[in-house]
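[1] Build me a model:
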Amino acid sequence: MGFIVGIDLGTTNSAVAIIDNGSPRIIPNRDGMPVTPSVVGLFEKDGKTRLVVGEQAKRQLVVHPERTVAEIKRSMGTDYRVSLLDREYTPQEISAAILKSLKEDVELFLGESVTDAVITVPAYFQDAQRQATKDAGEIAGLNVRRIINEPTAAALAYGVDRRTDQMLLVYDLGGGTFDVSIIEVNPGIMEVIATTGDSHLGGTDFDRRIVNWVLEWFEEEHGIDLRKDPVAMQQLKQASEQAKIELSSNMKAVISIPAIASKGDEVINLSREITRSTFEDLIKDYLDRTIDFTNQALEDSELTHQEISQVLLVGGSTKIPLVRQMIRSRMKKEPSTNINPDECVALGAAVQAGLITGQVKELVLSDILSHSLGTETIGDTFDMLIAKHSFIPTSVSQDYTTVVENQSRVRINVVEGESKVASENVRLGTFILDGIPPGPPGSQTIRVKFDIDNNGILTVTATNLETGKANQITIEASKTRLSDEEIVRAKDNLEELTEEAGSHKEALPDTYREAMALITRAEGMEFRVNDMEVKRLRELIQELELAISLDKPNDVLEKSDELSELLFDLEDAYGQVDEPEDEAADEDELTD
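    Here you go, the predicted structure:
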């Protein structure tokens, strides 16, 4: 059996891993980086539409936000459409471009084709979001063998001692979603017993708070509303995200954007210092909500914090010192941080892939349903068939009867949620059973069967018990669900874009790759120099990013030389930037 890859399809970044000699390992992308920004862009060059994914698309986002899309994961399972170059794309298509890029990275690394994958989703994703993720995999040319919840994957990655009984709490705060799960570990068995969360709470919201804080100050200071300038807004968003990252290891950061606006003949630069305490005040209510969810998970599992053996931190936003402080205070124990929170979900997905292929043995994994499922009955009542936290896979049947004279068909509304009022929940679809023999009310019995697979995806069938024959169910098309024809068409479109985008399948030219590595080195130096030097560094970084995004090789070379010269002087004065592994270790020491 060939490789089954494990993929963390994230809001901000995505990663892919495989099992290698019995252990999971991250596969670097074509530019040598362990994670790929979840950003997709299109632009036209030489009469062709070019597709870019990852770092190149992220650089383009600053100057061409109208041609680039990020954070698409938050729209999965919705009818949202994004317009790029006069064409609309579904969230599934944008996600498929990211998945296809990761697939090609693995194939380039292994030297062989990859067709099968395990893909992770937030534990609190609903049926439509899970189905959309599976559709995205199919569009990308992947056979999705399993959809696995991110907290469960993280627990697998941490490699907890399965020889002893343990109770784990997985606190997963990423770029766009939050989950908290309780997982019971016994010898050879790992069972999820409770999960809750919010699929719209994460680091992106923290960035937005900083952005709004700066916008209000700038408008008061200069009388200019930057919200009307898409390029300025994207610059501010990226600068705010960078400031957030810096505040995990520094007590203050400077948000600096040269020439962000003008008033008459005056060019206005943006420079605003933000302290860690200000940032913490801005996001405190969000973090309070995560603790509320943590309390809910403990209550659902009927456990106290004393009964939790380990607390595992997952997701890049758990690097924020206040996050660790609050979870430490609530759980009365030091959380485990011995695996990079940006990589552990992909590593865990690879472990799940190893369970499928037999490369990982002696473990049974049991997951649960994150939302209750049932039908809508008379009086807007929710008839729950499968309760939240039921183990999956599972199958449940419910019998219904006809209610009017000579009724020839039955309409069944399938609902997902926790309210007893059906209309307050999420309607997944309407199922219609035709061809019922005529008769008085109650003369015909319709058995509705709910099947939940290992991916948490629902299939519904119905049988007329009196005739002994299962009739076909017609599912009225949902705006969030792609048909088979739409999936095939999207797959063909993605193939066409990939074929036209010559550089999409190859590594970046050396000039560009070296320039991006130089930017990374320069961003690391920002933590060590004074404010004036930070300002000059960022000016050169932004100029180099602009040259890369506009695909101007000569300008890339020129700006790379300028930035390299400045770095040489700064490194001579301050010393060279540490290797990434050492930086991560230092950050853990500083933030714990």
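[2] Where does pLDDT dip in the chain?
    1-2, 45-46, 160-163, 470-480, 498-510, 526-527, 531, 549-551, 575-592 (pLDDT under 70).
[3] Residues contacting the longest strand seen in the chain, please?
    If you go by DSSP state E, the chain has its longest strand at strand 252-263. For strand 252-263, contacts defined as CB atoms under 8 Å, 6 or more residues apart in numbering pick out 210, 214, 222-224, 226, 229, 232, 235-236, 239-240, 242-244, 246-247, 267-276, 531, 534-535, 538-539, 542. C-beta coordinates here come from the backbone N, C-alpha and C atoms, glycine included.
[4] Mind doing that once more with 6 Å?
    Outside strand 252-263, the residues that touch it by CB atoms under 6 Å, 6 or more residues apart in numbering are 214, 224, 232, 235, 239, 243, 246-247, 267-275, 531, 534-535, 538-539.
[5] Ok, stretch 537-546 next?
    Arg59, Val63, Ser256, Pro258, Ala515, Ile519, Ala522, Glu526, Lys559, Glu562, Leu563.
[6] give me the element the first one is part of.
    The secondary structure element spanning Arg59 is helix 55-63 (assigned by DSSP states H and E).
[7] Hmm, Ser423 and Phe382 touching each other?
    No - contact criterion CB atoms under 6 Å: Phe382 and Ser423 do not qualify, at 8.9 Å.
[8] Neighbour count: these two, which is higher?
    Phe382 (23 against 13; other CB atoms under 10 Å).
[9] Could you verify that that one is part of a strand?
    Yes - judged by DSSP: H, G, I helix; E, B strand; the rest coil, Phe382 forms part of a strand.
[10] how near is it to Val414?
    As judged by CB to CB, to the nearest Å, Phe382 and Val414 stand 11 Å apart.
[11] Likewise for Val62?
    43 Å.
[12] Who's the closest spatial neighbour of Gln235, skipping the chain neighbours?
    Ile257 (5.1 Å; CB to CB, 6 or more residues apart in numbering).
[13] Now do the end-to-end distance for stretch 33-47.
    End-to-end distance for stretch 33-47, by CA to CA, to the nearest Å: 31 Å.
[14] so which helix or strand takes in Val404?
    With DSSP H and E as criterion, Val404 is part of no helix or strand.
[15] Report the contact partners of it.
    Contacts of Val404 by CB under 6 Å, 6+ apart are Pro441.
[16] Let me see the backbone angles for it.
    phi -130, psi 160 (degrees, to the nearest 10).
[17] and the helix holding Arg59, how far from the chain's centre?
    19 Å (CA atoms, centre = their mean, to the nearest Å).
[18] Likewise for stretch 79-86?
    19 Å.
[19] buried set for it?
    Val82, Leu84 (16 or more other CB atoms under 10 Å).
[20] Excluding chain neighbours, what is closest to Asn295?
    Asn295's closest residue in space is Arg330 (CB to CB, 6+ apart), at 7.8 Å.
[21] how long is stretch 333-352 end to end?
    By CA to CA, one end of stretch 333-352 lies 28 Å from the other end.
[22] Same check on stretch 545-562?
    Using CA to CA, first and last residues of stretch 545-562 are 13 Å apart.
[23] Please apply the same query to stretch 356-367.
    Start-to-end, stretch 356-367 (CA to CA) is 15 Å.
[24] Cys344 contacts Thr152, correct?
    No - if you go by CB under 6 Å, Cys344 and Thr152 don't touch, sitting 11.5 Å apart.
[25] Assign Ser181 to one of the three secondary structure states.
    Applying three-state DSSP: Ser181 is strand.
[26] and the residue nearest to it when sequence neighbours are not counted, how many residues sit next to it?
    Nearest residue to Ser181 in three dimensions, chain neighbours excluded: Pro151, at 3.8 Å (CB to CB, 6+ apart). By other CB under 10 Å, the residues close to Pro151 number 32.
[27] A helix includes Pro151, no?
    Yes - read with three-state DSSP, Pro151 is one of the residues of a helix.
[28] gap between it and Glu299?
    Counting by CB to CB, the gap from Pro151 to Glu299 is 17 Å.
[29] Equivalent analysis for Pro393, please.
    26 Å.
[30] So for these two, which sits in the more crowded spot?
    Between Pro393 and Glu299, Pro393 has the larger neighbour count (other CB under 10 Å), namely 15 against 12.
[31] how about that one, what does it touch?
    Applying CB under 6 Å, 6+ apart, the residues contacting Pro393 are Ile452, Asp453, Asn454.
[32] How about Gly456?
    Arg130, Ile392.
[33] For the nearest residue to Thr381 once chain neighbours are set aside, give me phi and psi.
    Using CB to CB, 6+ apart and skipping the chain neighbours, the partner closest in space to Thr381 is Ala422 (6.1 Å). Backbone geometry at Ala422, expressed as degrees, to the nearest 10, gives phi -60, psi -40.
[34] same check, this time on Ile457
    Dihedral angles (degrees, to the nearest 10) for Ile457: phi -100, psi 140.
[35] my read: it touches Gln129, true?
    No - using CB under 6 Å as the test, Ile457 is too far from Gln129 to be in contact (10.1 Å).
[36] So for those two, which residue has more residues nearby?
    Gln129 (24 against 17).
[37] Residues contacting the helix or strand hosting that one, please?
    Per DSSP H and E, Gln129 falls inside helix 127-139. For helix 127-139, the external contacting residues (CB under 6 Å, 6+ apart) are 76-77, 92, 95-96, 99, 119, 121, 144, 147, 416, 428, 456-458, 480, 482, 487, 490-491, 494.
[38] cool, stretch 172-185 as well?
    By CB under 6 Å, 6+ apart, stretch 172-185 touches 11-12, 71, 73-74, 122-124, 150-151, 155, 160, 162, 166-171, 191-195, 197-199, 201-204, 290, 293-294, 297, 301, 314-315, 317-318.
[39] can you dump the C-alpha coordinates of it into PDB?
    Extracted in PDB, the C-alpha atoms of stretch 172-185 (Å, rounded to 0.1, in the frame of the first residue of the first chain):
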ATOM      1  CA  ASP A 172      -7.000  23.900  20.400                       C
ATOM      2  CA  LEU A 173      -6.900  27.600  19.600                       C
ATOM      3  CA  GLY A 174      -5.900  28.200  15.900                       C
ATOM      4  CA  GLY A 175      -6.200  30.900  13.400                       C
ATOM      5  CA  GLY A 176      -9.900  30.700  12.900                       C
ATOM      6  CA  THR A 177     -11.400  28.000  15.200                       C
ATOM      7  CA  PHE A 178     -11.400  26.900  18.800                       C
ATOM      8  CA  ASP A 179     -12.100  23.400  20.100                       C
ATOM      9  CA  VAL A 180     -11.700  21.800  23.500                       C
ATOM     10  CA  SER A 181     -12.000  18.000  23.900                       C
ATOM     11  CA  ILE A 182     -11.700  15.500  26.700                       C
ATOM     12  CA  ILE A 183     -10.000  12.300  25.600                       C
ATOM     13  CA  GLU A 184      -9.800   9.100  27.700                       C
ATOM     14  CA  VAL A 185      -6.700   7.000  27.100                       C
END
